[in-house]
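> here is my input; please provide its structure:
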Amino acid sequence: MVRKFPSGFNVSSTQSISLSHSSNEEIANMIQKGDRSRFDAGILKQLLKLLPESHEINKLKSCKEERSELANADQFYLHLLEVPSYQLRIECMLICEETQILLQCLWPKAQAIRTACESKCIRDVSMASAQSREASLLFLILML
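Okay, the predicted model is just below:
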């Protein structure tokens, strides 16, 4: 069974472009460990699109050929099939990667809001009564 990848993505180009010097087994191990250090969101999205379907999985599992005689993509999928919950792991890696990107965008804005709140709340707390000061401090803590 030879699985063809869409143009611009295949296991060998993944290895040479973003996962240089990684074998199919190493890539599968990285997925098993959740190691995102050499994956970006784009590669993880493409990988999810290219996961084998159930009938392809059955063909791979029933394949009698030596692994070395199979196409590189099929060899990769055989390694991937050994990873428990491989699709869920890749989805989680993608969520983590996208969350990291989102946090990098939001962090400066959150810092600016925090600084503005701290300066306003500190002014407000210094002018408030003791009871109101405690409520303002609690509000400040909850905002952080």
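> helix or strand right after the host helix or strand of Tyr77?
Element membership for Tyr77, per DSSP states H and E: helix 72-81. Tracing the chain past helix 72-81, the next element assigned as helix or strand by DSSP H and E is helix 86-127.
> that next one packs against which elements?
Under the contact criterion of 3 or more C-beta pairs under 8 Å, 6 or more residues apart in numbering; DSSP states H and E, helix 86-127 touches helix 24-33, helix 41-49, helix 130-143. Placement of C-beta: from N, CA and C, glycine included.
> just for the chain, where's the confidence low?
1-21, 120-144 (pLDDT under 70).
> hang on, the earlier thing: report the buried residues of the helix holding Tyr77.
Judged by neighbour count using 16 or more other C-beta atoms under 10 Å, the buried positions of helix 72-81 are Ala73, Asp74, Gln75, Phe76, Tyr77, Leu78, His79, Leu80.
> was I right about the last one contacting Asp74?
No: judged on C-beta atoms under 8 Å, Leu80 makes no contact with Asp74 at a distance of 10.4 Å.
> angle of the helix holding Tyr77 against helix 86-127?
Between helix 72-81 and helix 86-127, the angle comes out at 60 degrees (axes from the mean of the first three to the mean of the last three C-alpha atoms, to 10 degrees).
> angle of helix 72-81 against helix 41-49?
Going by the same axes, to 10 degrees, helix 72-81 makes 90 degrees with helix 41-49.
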